[in-house]
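S.K.: What follows is a protein structure lacking sequence information:
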């Protein structure tokens with residue numbers, strides 16, 4: 001009887017190890033089309049996935065062209081393989097100089113972390129909008 005339990009325990013242990021290894025090898029995402037565009041006083045970032053496996057979320061990250069580090073500005077829940085996503089960045093114009101470029105990327109979180117291609121947008125801000133944006137930023 002002890003021998004039967006030992007074999008079952010060994011089979012279960014091997015089965016669990018295989019399952020965990022199999023999941024980690026296939027987890028991640030692959031991106032299709034990715035782009036960002038300026039619309040009025042916001043930047044709209046859109047992307048599509050080709051494949052999603054074990055993705056917990058998508059982080060939208062932004063950095064200035066002359067900055068060294070991307071910062072997370074939002075998080076979007078996954079919908080499944082082949083889905084289309086959209087994120088609106090309302091804060092880009094409030095943190096900018098007269099003319100500035102931002103780079104955006106999407107990071108698939110969970111499993112193997114994967115990054116989208118980099119999307120660059122150029123912002124042109126009128127003096128009045130810039131002043132109003134700076135005033136609003138003081139109260140956030």
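M.R.: That came through fine. These numbers come from a predicted model, not from an experiment.
S.K.: Strands along the chain, start to end?
M.R.: 28-39, 42-53, 57-64, 71-76, 84-89, 99-109, 114-115, 119-124 (DSSP state E).
S.K.: What is the shortest one packed up against?
M.R.: Using 3 or more Cβ pairs under 8 Å, 6 or more residues apart in numbering; DSSP states H and E as the contact definition, the elements that strand 114-115 packs against are strand 28-39, strand 99-109. Quick note: C-beta positions are derived from backbone N, CA and C, even for glycine.
S.K.: Could you rerun that using 7 Å?
M.R.: Counting contacts by 3 or more Cβ pairs under 7 Å, 6 or more residues apart in numbering; DSSP states H and E, strand 114-115 packs against strand 99-109.
S.K.: Can you mark which positions in the strand it packs on are buried?
M.R.: Residues 100, 102, 103, 104, 105, 106, 107, 108, 109 are the ones in strand 99-109 that count as buried (16 or more other Cβ atoms under 10 Å).
S.K.: Return the member of those residues nearest to residue 68.
M.R.: Nearest to residue 68 among these is residue 103, at 11.3 Å by Cβ to Cβ.
S.K.: Would you mind listing where this structure has pLDDT under the threshold?
M.R.: Low-confidence segments of the chain (pLDDT under 70): 1-27, 94-99, 125-140.
S.K.: mind redoing it with 90?
M.R.: 1-29, 39-41, 53, 64-68, 90-101, 110-113, 122-140 (pLDDT under 90).
S.K.: which one of the buried residues of strand 99-109 sits closest to residue 59?
M.R.: Of the buried residues of strand 99-109, the one sitting nearest to residue 59 (Cβ to Cβ) turns out to be residue 107, at 4.4 Å.
S.K.: number of nearby residues for the residue nearest to the closest one when sequence neighbours are not counted?
M.R.: Sequence neighbours aside, residue 59 is the residue nearest to residue 107 in space, at 4.4 Å (criterion: Cβ to Cβ, 6 or more residues apart in numbering). The tally of other residues near residue 59 (other Cβ atoms under 10 Å) stands at 20.
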